[in-house]
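# for reference, the sequence and a predicted model appear below.
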Amino acid sequence: MNILVTGGAGYIGSVTVEQLIEQDYRVVVIDSMERGHKKAVHPDATLVEGNIGSKKTVADILRNYDIDAVMHFAADSLVGESMENPAKYFHNNVTCGLTLMHTAAEHGVKRFILSSTAATYGEPNEIPIPETHPNAPTNPYGESKLMLEKILKWFYQSYGMQYTALRYFNACGASKRFGEDHDPETHLIPLVLDAATGKRKFISVFGDDYPTPDGTCIRDYIHVIDLAKAHILALNTDGSGIFNLGNGQGFSVKEVIAAVELVTGKKIAVKIAPRRAGDPARLVASSEKAQKELGWKPLYPSLEDMVGTAWKWKCANPEGYKDK
Ligand code: UDP
């Protein structure tokens, strides 16, 4: 089976490509390299440097490589940036995503797997959050992904292209070869690891007065290899639908810092900072549907495993991919 992976030079895309290749799929990666890394592209994948918003580029790939299914990771994904520059998010994520989806449907692609997000829910009124929870994104990033999900639903109805939208909670961890290298880095675990290596002097905890047991925000961290495996299960499951991917357990910011101290053996300096705008106190997924319908089960649910693999990757790649 021939799979086109958009954004295969990024964090979750690169680990998914690795899993696909380990399972003998033939993979073509399209990546603009704006945020991706050449070194993150598995050597057995074919890399096309280009933009998913170019109908010709996408059509050529679909035809030349006889693509059966598309996994779509390429997107802008910074919540703060999306608030400052919504036009960029609606253009890159929705307009370019629409071109990709339409071209795929026209070329008879059978399955489309979308990298979606828990940000489609907004402020939760129920924990753990089921897929039936109302959608009320609080930022353009979440809205842009929700729009893609809606387009896919209609494309399925009218063009018969089956789709799976996977709503990730907090991706983290690394495989042996591929890990998280963002610029700028905004995610908690890599930032706390930078405080462990001394690259950062301290970690700012955004608020310690939330209505949670230790006052800090709770998130559902999920290992990137578990996310990658869910994509392959989705590829092999008939029908269309939307699934949460989280491990069903929440960990607070302070628990993450404690796990980093345990794994690295280093004391982390902490400064309590003001709350970050738009942060809900608690976001935890119900992944029952993915477990039941995709047969998915996280293999690395422990926080120590998630932090531990990220730490190993950071120690092996202290400056990340060093290709920018
Ligand atoms: N966070 C923090 N300090 C940081 C970065 C993040 O306290 O330097 C908190 C953030 O407020 C949130 C949690 O860590 O409660 C996870 O944030 P991240 O940006 O990793 O993921 P998000 O949940 O926003 O997608």
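It's in.

# apart from its chain neighbours, what residue comes closest to residue 177?
Residue nearest to residue 177 in three dimensions, not counting chain neighbours: residue 18, with 6.5 Å by CB to CB, 6 or more residues apart in numbering. Quick note: C-beta positions are derived from backbone N, CA and C, even for glycine.

# so which residue of the stretch 1-150 of the chain comes closest to the ligand?
Closest to the ligand within the stretch 1-150 of the chain is residue 79: 6.3 Å, counting by CB to the nearest ligand atom.

# and the worst-scoring helix or strand of the chain on mean pLDDT, what does it pack onto?
In the chain, the helix or strand scored least confidently by mean pLDDT, DSSP states H and E is helix 79-84, which has a mean of 92. Packing partners of helix 79-84 (3 or more CB pairs under 8 Å, 6 or more residues apart in numbering; DSSP states H and E): helix 86-89, helix 140-159.

# and the contacts of that helix?
The contact list for helix 79-84 (CB atoms under 8 Å, 6 or more residues apart in numbering) reads 76, 88, 89, 119, 139, 140, 141, 142, 144, 186, 277, 278.

# in that helix, what's buried?
For helix 79-84, a neighbour-count test (16 or more other CB atoms under 10 Å) marks 79, 81, 82 as buried.

# the ligand contacts on this protein?
Residues of the chain lying close to the ligand (CB under 6 Å from any ligand atom) are 170, 186-188, 191, 203-206, 217, 219, 253, 276, 279.

# which residues are in contact with the helix or strand hosting the residue nearest to residue 177?
Using DSSP states H and E, residue 18 sits within helix 11-22. With contacts defined as CB under 8 Å, 6+ apart, helix 11-22 is touched by 3, 5-8, 27, 29, 31, 36-37, 40-42, 44-45, 71, 73-74, 115, 168, 171, 174-175, 177-182, 224-225, 227-229, 231-232.

# show the buried residues in those.
Those of the contacts of helix 11-22 that meet the buried threshold are 3, 5-8, 27, 29, 31, 36-37, 40-42, 45, 71, 73-74, 115, 168, 171, 174-175, 178-181, 224-225, 227-229, 231-232, by 16+ other CB under 10 Å.
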